[in-house]
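**Student:** give me coordinates for this.
(one chain, ligands or ions: 1)
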Amino acid sequence: RIVHVNGEFLPEAEAKVSVFDRGFLMADGVYEVTSVLGGKLIDFAGHCLRLARSLRELEMTNPHTDAEWLELHRQLVARNEIVDGMVYLQVTRGNPGDRDFAYPAADLPPTVVMFTQSKPGLAESPAAKTGWKVISVDDIRWGRRDIKTVQLLYPSMAKMAAKKAGVDDAWLVEDGFVTEGTSNNAYIVKGNRIITRALSSDILHGITRAAVLRFAVEAQMEVVERSFTLAEAQEADEAFITSASAFVMPVVQIDGKDLGTGKPGPVAARLREIYLDEMRKAAV
Ligand code: PMP
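**Tutor:** Presented below is the predicted three-dimensional model:
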């Protein structure tokens, strides 16, 4: 693979970042994952906007303009001949040359790392036909989940708990209410009504969430942004998750309880189709 580090494109084995990089020592950095379908970037503008917001919240300078980010993404996709897959990008606070809790001077250049992952047939995932099973786990993450930081240890632990339980993912629960999945936003469906937690610092503001809710309203579905409990989710007609890499994925079982028929529901299937159609049309 050809990866990108601080303005250079080079073979992955030659890419190097300092041991003093604050991303490595303090998880002091942010990231984005943009899907590629047919060689084009899905919802690139949405990812740029959120990246800028995450950086701002952490008082980090955005090292590139949106046009420069686009060019870097396109170069990586082309050099790695990615048809379907994703581009990962992270910006960390850089290498102050030593370890210190205080932020280094604001003019220290951040570290930019980008790489691709090839996923042929990404949009034709067989899992979308069968749906995901999830378990619930306590949400014990920090209080700024709206910032897309590289501090992902607890979501990894939750994903491992799901794997050990023989299911696909975990839904995180706080004060009795579902916040989100390990790396996706969570929804339940009752009749024609789609229910998903409102935006706050409790959850990541999903790029896919914003697009899917817009398409749902356009398709005359009712969208209600409110919290829901695990028990309510288990009694729902259907459920699904959204993320930039899984798009819209049906959820068919929660903590061993089948939802409805135990098969993916029509609302999730329809939203997945609309999302993929519309986003392919708008891809850059
Ligand atoms: N919540 C969390 C915790 C996530 O990590 C992600 C994926 N990055 C999402 C939600 C979904 O966000 P998006 O649709 O922008 O991928």
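**Student:** so where does Leu72 fall, helix or strand?
**Tutor:** Under the criterion of DSSP states H and E, Leu72 resides in helix 66-79.
**Student:** er, Arg214 I mean
**Tutor:** Using DSSP H and E, Arg214 sits in helix 207-218.
**Student:** packing partners for that helix?
**Tutor:** Secondary-structure packing of helix 207-218 (3 or more Cβ pairs under 8 Å, 6 or more residues apart in numbering; DSSP states H and E): helix 44-57, strand 193-196, strand 222-225, strand 238-243, strand 247-254, helix 266-282. (C-beta placed from N, C-alpha, C; glycine too.)
**Student:** how about a cut-off of 6 Å?
**Tutor:** strand 222-225, strand 238-243, helix 266-282 (3 or more Cβ pairs under 6 Å, 6 or more residues apart in numbering; DSSP states H and E).
**Student:** can you name the next helix or strand after the shortest one?
**Tutor:** So that's strand 222-225. helix 230-234.
**Student:** contacting residues around that following helix?
**Tutor:** The contact list for helix 230-234 (Cβ atoms under 6 Å, 6 or more residues apart in numbering) reads Ser136, Val173, Ile188, Ala239, Ile254, Lys257.
**Student:** picking that back up, is the helix holding Arg214 anywhere near the ligand?
**Tutor:** Yes - using Cβ under 6 Å from any ligand atom, helix 207-218 reaches the ligand at Ile207, Thr208, Arg209.
**Student:** got a list of what the first one touches?
**Tutor:** For Ile207, the contacting residues are Asp43, Gly46, His47, Ala244, taking Cβ under 6 Å, 6+ apart as the criterion.
**Student:** residues in contact with the third one?
**Tutor:** In this case it means His47. Each residue near His47 by Cβ under 6 Å, 6+ apart is listed here: Glu32, Thr34, Ile207.
**Student:** looking at the residues you listed, which is nearest Ile147?
**Tutor:** Checking those against Ile147 by Cβ to Cβ gives Glu32 as the nearest, at 11.9 Å.
**Student:** so what sits opposite that closest one in the bridge?
**Tutor:** Counting by DSSP bridges, Glu32 forms beta bridges with Leu89.
**Student:** from the ligand, how far off is the closest residue to Pro120 other than its chain neighbours?
**Tutor:** Closest residue to Pro120 apart from its sequence neighbours, by Cβ to Cβ, 6 or more residues apart in numbering: Asp84 at 5.5 Å. In this structure, Asp84 and the ligand are 16 Å apart, going by Cβ to the nearest ligand atom, to the nearest Å.
**Student:** give me the pLDDT for Asp84.
**Tutor:** Asp84 is assigned a predicted lDDT (pLDDT) of 98.
**Student:** do the same with the one 4 residues further on
**Tutor:** Among the per-residue scores, Tyr88 shows a pLDDT of 98.
**Student:** correct me, but it touches Val33?
**Tutor:** Yes - contact criterion Cβ atoms under 6 Å: Tyr88 and Val33 qualify, at 5.4 Å.
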